[in-house]
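# Just the structure for this:
(2 chains)
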Amino acid sequence: MITTTPGQAAAEATEAILADFIGGPHRGVIVDSPPGAGKTTLVVTAATTLADASERLMIVAQTNEQVDDLTDKLATKVPTLSIGRLHSDGFSVPPRVTRHPGVTASNKIDQVEACTVVIATADKWAYVSDRTWTWAIVDEAYQMRSDKLLAIAALFDRALFVGDPGQLDPFSVVDTERWAGLAWDPMQSAVAVIGRLNDLPVHRLPVSWRLPASAAPLVSEAFYPFASFRSGTAAGDRELQLTTAGFPVPWDRTLNEAAATGWALHELPSRHTIRTDAEAVQACAGLATRLLQRGAVARDENGSHDVGPDRIAIGCAHNDQVAAIRAAGVPAGVTVDTANRLQGREYDVTIVLHPLSGRRDATAFHLESGRLCVLTSRHRQACIVVARAGIAELLDNHPSTGRVQLNVPVKFPDGWEANHAVLAHLSIHRVRA
Amino acid sequence: MSIMSSYARALAVQTGCAQPVATVRHVHLSAAPMVFIPLKLAGEAAAPLGALVGTDPANPRLLLVPQPRNRDLRFAFMAELAEVLLPYIEGFAGVTETVEAKTPYERCADAPQLLVPNRGGVAFAKLLGRSTRFRRTDGPYPVHPSVPVLGQWLTFLAERAEYAGSSSLVSMTDALALHWATGQSSMEDASLATQLAWIAPPDGKNGPEAALAAEDPLTSPPAGPETHPDFDGQVLVHAIQAYETSGSPAQIREALRSQLEPTWTLMWQGVRLLRGLPEAATVEARWARDRDQFTRETARLADGGFPRGRVDGAVSAAIRLADLESALQAYEAQRAFDDPLVMTEHRVAGKAFSGEVVAVDATRRIVPAGKTRPAPRPLVTIRTGDPVRLSPGRRLVSSRNRKQKTEIVDITGDLVVIQVNDQMGRGATPAPGSLPVVGDVVCYAELDPGGGQRPRLPAGEDTPWTHGGPPEPYMPTDEDAQEAWS
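Numbering: from 1, shown residues only, chains lettered A, B, ... in the order given. Below is the predicted model of the structure:
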């Protein structure tokens, strides 16, 4: 029985995290954050709390886009804060960062180190030396490889590691098992390594503000089996309306189902196909086009707005699928990208080409739970999955049998099981094309 | 598998003949490589059974362990192996050349090259290295002084084999698969006999017929290190029993010879096939890296260097991973720029394109991001028929000058406009010859041979708290020599 409101629960969690980070005895605090759980808000709150106490802070993120987003949000929330945006030579800082008078952008650490908050990518921080900060926040720490942390760990005394454990693990182009089982395996995520070598407190953010009430229970159960969270909104708070009636054709029926329930499985006939399955690609592009034609309007806790192309994303597993979907005629402005690049982003409606659609085998790459988790947790309103029939049978024919390696901690959730859980839920929302 | 390699395999099935997937040889081949074909006892992790080894095709040396369960005999085998390998390896240490660099240094003029039949051979060499490098020459179970030295060298070679493009320890099936696609799966290609049957079938047979014939374990025994179970059960067990009763290894010698000699012939056939290809342009540079590392290891061992630890520390693991990644990146790029057939693979995937230059704007000057003064940034327009899947802003490398950095400005239809960013001299206008001219056929690819600056990692003794803090300095102990599986 839940007695607190989502807002209270989130506020309590934030308070406990800050108390542990700023006042606790540990050198590091880990915060597990499910999709859209106000991770950025936590980072901003921690930064302002430290700034109020006249403490200097360094912030580490993984990509330039993440750094720019964070800088923008921080400067918007606290315009008086002096923020240093450290970047590499030749990088042009976008206007959304430079428009803030409190932000100093430079590629030289000397010119920004006096700022209260200095923020840069892990790659850029690795070139900074002979300076230390008492406080650090490492954002998207589950996406950071531990060797990157090794390069910058000497810069700070205490750190807050924030990230989403359900997303894709970092990877290397090198295929080696040389360090499997070692506590400091450089190919593991930064959190995996610090967690194994240090006894650090782990906190969780309990509420997803992004995922609607229709999605939070499924995503929580399938991908966060031991760290459940709930939606910040109730069932009636969000609504996706299609302002024109549809035709009785599969694309429109799929959209109706998605608008009504928040999920839809657009199922194509079972067939083994190449990765750029022409029919599935056409369906992804066609559903996006139809959604815009039918004039979708999203209502949420902040009011109502039209769902424009910038609020729609199509996600898939491979780059060649992205290229094929773009070539199939996607309306201008709709995002088409791989799961890796959709991490951390948010849309009203997402259309997902299922990673296992049309495949003959289920490889570790396609079974990776993080991939499906990213794809099915980017939406505020509805998620439409396009897939060939027969994925459940494919999964049953390829039971998950990775090699067992000594001293490698067992990782949850299991991709095979997570895939089954999502499929079972989607089968309720099936529309046969 | 890429589209090109799938296509080459399909073509091989259709024509019944292996298809070339490279026009030049991407591995270095020594004038006298050391061929090493090890066998191990089934059911044991690292119990050597025998080996055929040597640099002369006509004169291999057969080494064997008459009772592989006897550890003393195993290390006697290793001592005998050291008699062959150590003079070969250490023979390269004496001849050096001076490398002209910022600080000139000495580098061995040549280095050892070990050829094994397959990846299993590489893995077994690594295991042999691990089981011998920590052994002591005194104390309770002493071994011959050459054994731990051999262990250090085998470890060095096996670790070099992890780097892409290294030719210090080469698996023959991998080297062949780099140059020819057969009509079998890549797993079947790990069998040297059937792979060579596809590539060079005997007269009167096509690839699949020859491969089928080569699947007979009597004429083509497995290339090791695993032996055929029928051989184990019907031949080897009796030969070992005969040794136990008579003390004569003659029967085992004959049995192992029958298993090893066919592979020996195949190995040299593979060497001849590879020698038939002209060497790729960057092979020499990559072999120089192997020679550099060999020179360093020679010096390290001469200083009484410890055997390498069983596990890497946090810092050395991170450095090694960065090295492995940059070696792979450089190798992929060099291979593509060396070989138009390899580049085709990237062109089909849309990561590279080739075409004719139709316009050059050499006088263009802009103020680059982060700079204050205008600098030459010429535009080159290329007409291409390739399916380009790159977007504006992506950085490309040109086949004309692999150091020149360029980026895509615009793609419209079959016209690609790129901006050249460097390597144009110091003048206000680009130096002559630094840009392509109209009519040139050029190739640009999103493949960077790399070699740029890398951030510094802390020293091992400064390992930060996040990674467990400074480790104890490494000192090999007797426990290192103990393995659960040995």
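# Tell me the residues on chain B that lie near chain A, please.
The interface of chain B toward chain A, taken as Cβ under 8 Å from any Cβ of the partner chain, is made up of B:162, B:311-315, B:317-318, B:320-322, B:324-325, B:328-329, B:349-350, B:368-370, B:389, B:455-458, B:462-468. Just so you know, the C-beta spots here come from the backbone N, C-alpha and C atoms, and that holds for glycine as well.
# out of everything not next to it in sequence, what's closest to A:L218?
Excluding the flanking residues, the one nearest A:L218 by Cβ to Cβ, 6 or more residues apart in numbering or on different chains is A:H425, at 5.0 Å.
# So for the one you found, what pLDDT did the model give?
With respect to pLDDT, A:H425 scores 96.
# neighbours around it, how many?
A:H425 has 19 neighbours, counted by other Cβ atoms under 10 Å in any protein chain shown.
# which other helices and strands contact whichever strand or helix holds it?
Taking DSSP states H and E as the criterion, A:H425 maps to helix A:415-426. If you count contacts as 3 or more Cβ pairs under 8 Å, 6 or more residues apart in numbering or on different chains; DSSP states H and E, helix A:415-426 packs onto helix A:216-223, strand A:263-268, helix A:364-367, helix A:369-375, helix A:391-397.
# By mean pLDDT, show me the worst of the ones you listed.
helix A:364-367 (a mean of 87).
# Using neighbour counts, pick out the buried residues of it.
Neighbour-count burial for helix A:364-367, counted by 16 or more other Cβ atoms under 10 Å in any protein chain shown, picks out A:366-367.
# Show me what it packs onto, helices and strands only.
Applying 3+ Cβ pairs under 8 Å, 6+ apart, one finds that helix A:364-367 contacts helix A:415-426.
# which of the residues in the helix it packs on are buried?
A:415-423, A:425-426.
# Stretch B:205-217 too?
Of the residues in stretch B:205-217, B:207-208, B:210-211, B:213-214 count as buried by neighbour count, 16+ other Cβ under 10 Å.
# Between the two ends of it, how far is it?
With Cα to Cα, to the nearest Å as the measure, stretch B:205-217 spans 19 Å from end to end.
# For residue 53, give me its contacts.
Reading this off chain A. Listed by Cβ atoms under 8 Å, 6 or more residues apart in numbering or on different chains, the contact set of A:A53 reads A:I22.
# hmm, I had chain B in mind actually
Residues near B:V53 by Cβ under 8 Å, 6+ apart: B:34-37, B:60-61, B:63, B:81, B:84-85.
# thinking again about what came up before, B:A242 is nearest to which of the helices and strands packed on helix A:415-426?
helix A:364-367 (47.5 Å; Cβ to Cβ).
# what about residue 336, is that helix, strand or coil?
Picked chain A for this. Put simply, A:V336 is strand when judged by DSSP: H, G, I helix; E, B strand; the rest coil.
# quick one: it from A:V281, how far?
Per Cβ to Cβ, to the nearest Å, A:V336 is found 10 Å from A:V281.
# Residues that sit against both of those two, list them.
Common contacts of A:V336 and A:V281, defined by Cβ under 8 Å, 6+ apart, comprise A:I325.
# before we move on, what SS does A:A105 have?
strand.
# Can you read off the pLDDT for it?
Confidence score, pLDDT, at A:A105: 92.
# Also B:N401?
86.
# what's the answer for A:Q405, then?
For A:Q405, pLDDT reads 83.
# From A:M187, how far out is the closest residue to it other than its chain neighbours?
Closest residue to A:Q405 apart from its sequence neighbours, by Cβ to Cβ, 6+ apart: A:A180 at 4.5 Å. From A:A180 over to A:M187 the distance is 9 Å, taken as Cβ to Cβ.
# Give me the more crowded residue out of those two.
A:M187 (24 against 14).
# thinking that one is in contact with A:S172, fair?
Yes: counting by Cβ atoms under 8 Å, A:M187 touches A:S172, with 5.1 Å between them.
# and for these two, which residues touch both?
The contact sets of A:M187 and A:S172 overlap at A:145, B:321 (Cβ under 8 Å, 6+ apart).
# so what strands line up beside the strand ranked longest in chain A?
Secondary structure of chain A read by DSSP state E shows that its longest strand is strand A:379-388. In the sheet, strand A:379-388 lines up against strand A:263-268 (parallel), strand A:347-353 (parallel) (DSSP bridges).
# Would you mind saying which of those lies nearest A:S208?
strand A:347-353 (14.6 Å).
# show me where pLDDT drops low in the chain?
Since no chain was named, I'll use chain A. Applying pLDDT under 70 to chain A flags the ranges A:1-2.
# The intended chain is chain B.
Residue ranges of chain B with pLDDT under 70: B:1, B:485-486.
# Quick check, central residue of it?
Per Cα atoms, centre = their mean, the C-alpha nearest to the average position across chain B is that of B:S166, at 4.3 Å.
# Now do residue 72: how many residues are near it, please.
By default, I'm working from chain A. A:D72 has 19 neighbouring residues, counting by other Cβ under 10 Å.
# that answer is for a different chain, and I need it for chain B
Other residues lying near B:D72 total 11 when counted by other Cβ under 10 Å.
# domain assignment for chain B?
The record assigns chain B these domain ranges, following automatic domain parsing: B:3-310, B:340-445.
# Could you give the separation between the terminal residues of the last one?
Start and end residues of domain B:340-445 are separated by 12 Å (Cα to Cα).
# again, but for stretch B:470-481
One end of stretch B:470-481 sits 24 Å from the other (Cα to Cα).
# Just the buried positions in it, please.
Under the neighbour-count rule (16+ other Cβ under 10 Å), stretch B:470-481 has B:470-471, B:474, B:476, B:480-481 buried.
# Which one of those residues is nearest to chain A?
Distance to chain A across the buried residues of stretch B:470-481 (Cβ to the nearest Cβ) is lowest for B:P471, with 9.5 Å.
# from what I can see the closest one touches B:A459, true?
No: in this structure, B:P471 is not within contact of B:A459 by Cβ under 8 Å, at 11.4 Å.
# Quick check: the residue of the stretch 151-300 of chain B nearest chain A.
Scanning the stretch 151-300 of chain B for the residue nearest chain A gives B:E162, at 6.4 Å (criterion: Cβ to the nearest Cβ).
# what does the stretch 201-350 of chain A put close to chain B?
Within the stretch 201-350 of chain A, the positions lying close to chain B (Cβ under 8 Å from any Cβ) are A:319-320, A:323.
# how distant is the longest strand of chain A from the center of its chain?
How far strand A:379-388 lies from its chain's middle: 16 Å, per Cα atoms, centre = their mean, to the nearest Å.
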